[in-house]
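**Q** take a look and give me a structure for this.
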Amino acid sequence: MEIILKQDVANLGHKDDIVVVRNGYANNFLIPKGYAIAATPSAKKVHAENMKQRMHKEAKLREEAQALAGKLEGLMVQLATKVSSTGKIFGSVNNIQVAEALTAKGFEIDRRNITIIGEDKIQEVGVYEAVVKCYKDIKATIKIEVVAEEN
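**A** Model prediction:
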């Protein structure tokens, strides 16, 4: 029996895949649990139209993410913090402060999409790199300069 998966099913397929399974597995488990629907000709047409619309939206999102990554690539963000005489930071600088600095520059980036390369948090003055995830596989690298705060 041919079915269209409504969500990921282990060892079977991913959401929106059309797969062939045994009748009993489809009728007694997948369809009643809401994991799949029968792949009738009308359901296949609806599925094809949905996939076509989703691909159009996905292409638009990718295009916007490429533009954002182009603007972010090589950007320098400067963060001023309180520093001891040895150059150690009181506390640390993490992706939350980087996200706030990017917001101040006009880029609305979620902190969970920022990864500081090599470390979770910065504890010394210097220049560091971070990767900003714009979309699934589209990323940009930015530089973070941590400087001493002037009194």
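**Q** angles on the backbone of N94, please.
**A** Backbone torsions for N94, taken as degrees, to the nearest 10, come to phi -130, psi -170.
**Q** OK, contacts around the residue nearest to it when sequence neighbours are not counted?
**A** Nearest residue to N94, sequence neighbours excluded (Cβ to Cβ, 6 or more residues apart in numbering): K121, at 4.2 Å. (C-beta placed from N, C-alpha, C; glycine too.) Counting by Cβ atoms under 8 Å, 6 or more residues apart in numbering, K121 touches S92, V93, N94.
**Q** how much space between K121 and I18?
**A** Note on K121: its distance to I18, by Cβ to Cβ, to the nearest Å, is 46 Å.
**Q** check R111 too.
**A** According to Cβ to Cβ, R111 and I18 sit 38 Å apart.
**Q** likewise R112?
**A** Taking Cβ to Cβ, one finds R112 at 33 Å from I18.
**Q** and those two? Which one has more around it.
**A** I18 (15 against 10; other Cβ atoms under 10 Å).
**Q** wait, what's in contact with that one?
**A** If you count contacts by Cβ under 8 Å, 6+ apart, I18 has them with E2, I3, I4, L5, A39, K44, H47.
**Q** helix/strand/coil for V146?
**A** Under DSSP: H, G, I helix; E, B strand; the rest coil, V146 falls in the strand class.
**Q** give the residue farthest from the middle of this protein.
**A** Relative to the centre of the chain, and counting by Cα atoms, centre = their mean, the farthest-placed residue is S85 at 38.7 Å.
**Q** over to that one. Which of the three states is it?
**A** S85 carries the three-state label coil when classified by three-state DSSP.
**Q** and stretch 69-82, C-alpha only, in CSV?
**A** Provided in CSV are the C-alpha atoms of stretch 69-82 (Å, rounded to 0.1, in the frame of the first residue of the first chain):
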residue,chain,number,x,y,z
ALA,A,69,25.1,36.2,5.2
GLY,A,70,26.7,38.5,2.6
LYS,A,71,26.1,41.5,4.8
LEU,A,72,27.3,39.7,7.9
GLU,A,73,30.5,38.1,6.4
GLY,A,74,33.6,39.7,7.8
LEU,A,75,31.6,42.2,10.0
MET,A,76,33.5,43.4,13.1
VAL,A,77,31.5,43.7,16.4
GLN,A,78,33.1,45.6,19.3
LEU,A,79,32.2,44.8,22.8
ALA,A,80,33.4,46.8,25.8
THR,A,81,33.5,45.1,29.2
LYS,A,82,35.1,45.7,32.6
